[in-house]
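Q: dropping a prediction and its sequence here:
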Amino acid sequence: MSIYLDYNATTPLREEAKIGMLEVMGPPYNSSSVHSYGRKAKSYLDEARDLVATLVNASRDQIIFTSGGTEANALIMHSANCPLISSIEHEAIIQSSHNPTFLEVNGNGQVNLNQVESKILEAKPDILSVMWANNETGVIQPINEIAEIANHHNVHIHCDAIQAVGKIEIDFKYSGLDSLAISSHKIGGPSGVGALVVSSPLKLNPIIRGGGQERGYRSGTENVPGIVGFGAAARKALSELKAFRNISKKQRQFEKKLKKSLSEIIIIGESVERLANTTCVCMPHLSSEAQVIALDLEGFAVSAGSACSSGKVKESHVLKAMGLDRASKNSIRISSGWQNSENDLEKLAQAYIELYKRSYK
Amino acid sequence: MSNVNLLGFNCDPKETKVVVAMSGGVDSSVTAAILVHAGFEVIGITLQLYDYGKAVQRKGACCAGSDISDARQVASNLGIPHYVLNYETKFKEQVMDTFADEYLAGRTPIPCVRCNQTVKFTDLFNMAKDLKADALATGHYVQRVMGENELELHRGVDFEKDQSYFLFATTKEQLEFLRFPLGGMKKHETRKIAKTLNLKVKDKPDSQDICFVPNGKYSEIVRRLRPGSIEPGNIVHLNGSVVGKHNGIIDYTIGQRRGLGIGGRAGSEEERLYVININVLKNEVIVGPKEALKVDEISLNDLNWISKDVPLDHSVLVRLRNTGNIIPAKISISKDGLLINPEEPAEGVSPGQAAVIYDKNRPSKVLGGGWIVSTKSNLISKFSASSAA
């Protein structure tokens, strides 16, 4: 099998999540039922809710489970009339924003703090949305400072923390944020489940109405196995938060090796704080898709910017927003995780260098 | 005795890596299947060429985006890796824009040749090399033959399906790297293989039209690509009289009879009018009798010679449009390229189309070809003269 280095896309299921899910897959668990099965389901959900809340230092009643990160983001953004969003947000935010105003980023992919205030005064947004860490570059935003400015102007501040959660410490209570979106499958839980974390009280306009589950914010019988898996993964991710940081050493060594051998490559956002596991690197003479395909054929699973459902690679709007037009077509993302062995990145470095030299014309 | 494998390499098939351009149709699917079953290391690649959401979706077009999932499924069933390359921008710039501009210039373009020249045999070709492939295989019905003196391109064994007309611009370097496993087969044999292997696409209809032109209504596409650049004008008889109005020269191709919108002339064959020429400068469509369609001399530019054995100033065979017959002609070098003089005057020859030249002694061998720039008719003066009289 290929060496998997695409943890920012999705992750292998944690053993703990699998065990937890197997336990609840089978019995007729509907937490809305009065009977013993219903009560049992409810208790599984409560436990998972606690675990997910703990991961981001929120309280259990601030968690709204959804079908994933995309829905969590949409739940907030669809009710905004005049959103202000960063230009490097994930498509899930961009596509669910009506007439957004964009907040520019600098060449390192960070929101310009000076601009936050002026844009708020200019656009008079009802929601400001800035992601915690970018999925393509791993660049981390000064989110607490941004939240402070938004709070000062009484603008709802939402944060897509899907990439950050499980990789760095997230403290919702002290972040100054009004809402936060997270996803299960990025931390070793199953796909198809996520959560919106909201400070209360909050006026939220539900997208899916019906039986009034999740305090009416998200109707539909809860995905008990998914949520239980999410909870178990959250517990595991929290316990391994420190260990995750150790990945950083390997990842930066990898970058160093590439730079030493190949003078023309560019590590995106190199000079600012990034997620420990993420490298976005530009090989100027070869298209992203050629790099991804060539490396796949050699047994490495990495990715390029954002791929659409047909499998075609689009140029990266994130790198474009950073003013890196050329890199937006020639970069790939390497994101490692807990199942990678000592020398996976070393092997990739060799293959990458070989590909570089072979394709250089 | 020979250790040469099916693709002409001196090694075991499993040591030969080949990229197959998979459109999602029967031909390229069978191409991939044949190579997989012969033991080659096969990589399937499908090109995303245009936004199929914008174009009308339709069955049977050669490179429609809706075919991507068919290609993916075939590849998956064959157990080979499959990738989708996004060539939308390149295709728009290099094929669709040229297509529109050619019509606006009064010519009749062949986008499939441009597509082969650019995205397929340049971009995909380079991609295959970047992937360390030994060859690029397609489902075209043409043959790559190792001749006595040189590598040759020949018509497909199935003359009905022969696609050599679309591949005349192939360079020697490209031909070196290309393989056409279906060239020696008849179409019904391809279908039979698809059925035997129970490929998902076994009953899929053949592609007929230009992939990005739904229902053959090319003028709609040109209007969409070049809004505001199409003006109404006159339809003028060769004798100088104005016989009608048109809504844009792009609606007409040389040799066209139907849809001229000229009433009162539906009579005997002699009175029927055909599009003889398009005058871009005056924005006029020139019409005349069928006889006036006959041309005696055709000038070409942008020549490509696949063979080095070109009998200059000698007899050859030529094909002047894809559906046309292969006819005897003489060729001679001109200032700008090449002149073709058919032995018998040829009909329905449009600037913008290709003239493909074949060996007279070995009629299946493609010598090369070029793009038709202009034509001359010895007869046309007769019709014009009558008007002057």
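A: All right, it came through fine.
Q: C-alpha from now on. contacts and neighbour counts both.
A: Fine.
Q: contacts for stretch B:160-179, please.
A: Residues lying outside stretch B:160-179 but in contact with it, judged by Cα atoms under 8 Å, 6 or more residues apart in numbering or on different chains, are B:7, B:112-113, B:116-117, B:121, B:125, B:134-138, B:140-142, B:144, B:151, B:153-156, B:186-187, B:303-306, B:319, B:321-322, B:354, B:356, B:366, B:368-370.
Q: in helices, which of the residues you listed appear?
A: Secondary structure from DSSP state H places B:112, B:113, B:125, B:187 of those in helices.
Q: among these, which pair sits farthest apart?
A: Spatially, the most separated pair among the ones in helices among the contacts of stretch B:160-179 is B:125 and B:187, at 25.4 Å (Cα to Cα).
Q: residue A:191 reaches residue A:68, doesn't it?
A: Yes. Using Cα atoms under 8 Å, residue A:191 is in contact with residue A:68, at 7.2 Å.
Q: what do the two both touch?
A: Common neighbours of residue A:191 and residue A:68 are listed as residue A:184 (criterion: Cα under 8 Å, 6+ apart).
Q: hmm, back to that, may I ask which of the ones in helices among the contacts of stretch B:160-179 has the most neighbours?
A: Taking other Cα atoms under 10 Å in any protein chain shown as the neighbour criterion, residue B:125 ranks highest of the ones in helices among the contacts of stretch B:160-179 with 22 neighbours.
Q: for that one, give me its contacts.
A: Counted by Cα under 8 Å, 6+ apart, residue B:125 has contacts B:136, B:174.
Q: now it: how far from residue B:138?
A: 11 Å (Cα to Cα, to the nearest Å).
Q: residue B:379 now?
A: Using Cα to Cα, one gets 43 Å for the distance from residue B:379 to residue B:138.
Q: who has more neighbours, the two?
A: Neighbour tally, residue B:379 and residue B:138, criterion other Cα under 10 Å: the higher count belongs to residue B:138, 24 against 15.
Q: hmm, the more buried one is touching residue B:31, no?
A: Yes. Residue B:138 lies in contact with residue B:31 (Cα under 8 Å); the separation is 6.9 Å.
Q: quickly list what's touching both of these two.
A: B:20, B:181.
Q: related to what we said a few turns ago, mind listing which of the contacts of stretch B:160-179 are in strands?
A: If you go by DSSP state E, the contacts of stretch B:160-179 have B:135-137, B:142, B:144, B:151, B:153-155, B:303-305, B:319, B:354, B:356, B:366, B:368-370 in strands.
Q: which of those residues are close to chain A?
A: Filtering those for neighbours of chain A using Cα under 8 Å from any Cα of the partner chain leaves an empty set.
Q: which secondary structure element of the chain has the lowest mean pLDDT?
A: Assuming you mean chain A. Every helix and strand in chain A was compared by mean pLDDT, DSSP states H and E; the lowest is strand A:306-307, with a mean of 62.
Q: meant chain B actually
A: Using mean pLDDT, DSSP H and E, the weakest-scoring helix or strand in chain B turns out to be helix B:380-388, at a mean of 56.
Q: correct me if wrong: residue A:193 contacts residue A:70.
A: No. When contacts are counted by Cα under 8 Å, residue A:193 is not listed as touching residue A:70 (9.7 Å).
Q: so between those two, which is more surrounded?
A: Each of residue A:193 and residue A:70 has its neighbours counted (other Cα under 10 Å); residue A:193 has more, 27 against 24.
Q: which residues does the more buried one contact?
A: Residue A:193 is in contact with A:65, A:66, A:67, A:68, A:69, A:183, A:184, A:185, A:223, A:226, A:227, A:230, counting by Cα under 8 Å, 6+ apart.
Q: ok, residue B:114 next?
A: Counting by Cα under 8 Å, 6+ apart, residue B:114 touches B:94, B:95.
Q: for it, give its distance to chain A.
A: With distances taken as Cα to the nearest Cα, to the nearest Å, residue B:114 is found 22 Å from chain A.
Q: tell me the secondary structure for residue A:74?
A: Following DSSP: H, G, I helix; E, B strand; the rest coil, the label given to residue A:74 is helix.
Q: now it, nearest residue through space, not along the chain?
A: Spatial nearest neighbour of residue A:74, excluding adjacent residues (Cα to Cα, 6 or more residues apart in numbering or on different chains): residue A:96 at 5.6 Å.
Q: pull the strand or helix carrying residue A:353 out as CSV, backbone CA atoms only.
A: Per DSSP states H and E, residue A:353 falls inside helix A:344-359. This file holds the C-alpha atoms of helix A:344-359, laid out as CSV (Å, rounded to 0.1, in the frame of the first residue of the first chain):
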residue,chain,number,x,y,z
ASP,A,344,8.0,8.0,5.6
LEU,A,345,8.9,11.6,5.0
GLU,A,346,12.5,10.7,4.2
LYS,A,347,11.3,8.3,1.5
LEU,A,348,9.0,11.0,0.1
ALA,A,349,11.9,13.5,0.0
GLN,A,350,13.9,11.1,-2.1
ALA,A,351,11.1,10.5,-4.5
TYR,A,352,10.3,14.2,-4.7
ILE,A,353,13.9,15.1,-5.5
GLU,A,354,14.1,12.4,-8.1
LEU,A,355,10.8,13.7,-9.7
TYR,A,356,12.1,17.2,-9.7
LYS,A,357,15.3,16.3,-11.4
ARG,A,358,13.6,14.0,-13.9
SER,A,359,11.0,16.5,-15.0
